[in-house]
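Asks: Need a 3D model of the following:
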Amino acid sequence: MRHAALVLVLVLVLPGALRAQNRSCSDPQLSMVALGACMDSAYARADRDLNGAYQAALATLSDTAQRAALVRSERAWIAYRDAQRALRDDFAGGNHPSMEVLPSMTAMVEARARFLHSLASEHYPAVEKACP
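Replies: Numbers count the residues shown, from 1 in each chain. Prediction:
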């Protein structure tokens, strides 16, 4: 029970303390516990942004067919995200999944949120450029 309470305190308090100190998850002086909490926090923040972007995109669409297409797309993307997470977890082999898996998962979620933000603001999916 004490261990669970300690983990909960670290997950809830430590990311805020790191932000207050202007430290990022790439700070080499972070302990493994602090690094894990920082990465968990970054993923949670990206996921909240994704949910907000999805709701905003859905709210901007008045066409029923477009709304249905967005819902189908998001459900398919969530299945893809979950499959990628399972694959990455298997390859991590249970070794520090926060350090092995969360950075790439966070980047994936952030990319989807950017796409949905563009959809909400432009009412049309942004075209990704193949070359810079």
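Asks: Could you use CA atoms for every contact and neighbour count after this?
Replies: OK.
Asks: Tell me who's in contact with residue 85.
Replies: Residues in contact with residue 85, defined by Cα atoms under 8 Å, 6 or more residues apart in numbering, are 101, 105.
Asks: Read off the pLDDT value for it.
Replies: At residue 85 the predicted local confidence, pLDDT, stands at 89.
Asks: Flag every buried residue along the helix or strand where it lies.
Replies: Residue 85 is part of helix 64-92, with elements assigned from DSSP states H and E. Within helix 64-92, the residues that qualify as buried by neighbour count (16 or more other Cα atoms under 10 Å) are 67, 70, 84, 85, 88, 89.
Asks: now swap in stretch 107-117 and tell me
Replies: Of the residues in stretch 107-117, those buried under the neighbour-count criterion (16+ other Cα under 10 Å) are 109, 110, 112, 113, 115, 116, 117.
Asks: Identify, from those, the entry nearest to residue 100.
Replies: Residue 100 lies nearest to residue 109 out of those, by Cα to Cα, at 15.8 Å.
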